[in-house]
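>>> A predicted structure for the sequence below; I have some questions about it.
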Amino acid sequence: EAIPVNQEALMMPITMTFAVKDGLCSWNEGRYEVEYGGALTPSVKKISDTFDGEVDITVEVGALSQLLMGTLTARDLVFEGKLSV
């Protein structure tokens with residue numbers, strides 16, 4: 001059974017900051033800002049090559065890939081210690 005979604009709620013602006021770690025490709029590491037709301041596609045930009053500063057989520061690039069592909073949920077990754085909030 002599908003749950004109806006309030007379309008206006010989907011357009012509420014939100015900004016999240018991620019610290020992404022990658023032991024193989026150092027150019028992937030750093031802090032990223034994801035902005036969503038008002039457009040159908042979120043915007044993502046790298047804001048720093050370091051981990052200095054506050055972040056909402058810390059994740060390794062492999063775990064992030066699993067999350068984005070739907071292989072594991074955020075809850076699974078937190079349980080496995082691969083994602084911290």
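Sure, I can see it. What you see is a predicted model, and the numbers here were worked out from it, not measured in a lab. Residues are numbered from 1 along each chain as shown.
>>> Quick check, central residue of the protein?
Nearest residue to the geometric centre of the chain (Cα atoms, centre = their mean): Phe18, 5.6 Å.
>>> quick one: it from Asn6, how far?
Relative to Asn6, Phe18 is positioned 26 Å away (Cβ to Cβ, to the nearest Å). (C-beta placed from N, C-alpha, C; glycine too.)
>>> Go ahead and confirm the residue nearest to the centre of the chain touches Ala63.
No: applying Cβ atoms under 8 Å, one finds Phe18 not in contact with Ala63, separated by 11.2 Å.
>>> Tell me who's in contact with Asp49.
Residues near Asp49 by Cβ atoms under 8 Å, 6 or more residues apart in numbering: Glu29, Gly30.
>>> Give me the phi and psi angles of it.
phi -90, psi 0 (degrees, to the nearest 10).
>>> From Gln66, how far off is it?
For Asp49, the distance to Gln66 equals 24 Å [Cβ to Cβ].
>>> next one: Thr41
For Thr41, the distance to Gln66 - Cβ to Cβ - is 22 Å.
>>> Please identify which of the two sits among more neighbours.
Gln66 (19 against 6; other Cβ atoms under 10 Å).
>>> Buried residues, the longest helix anywhere in the chain. List them.
When the chain is parsed with DSSP state H, its longest helix is helix 61-69. Buried residues in helix 61-69, counted by 16 or more other Cβ atoms under 10 Å: Ala63, Leu64, Gln66, Leu67.
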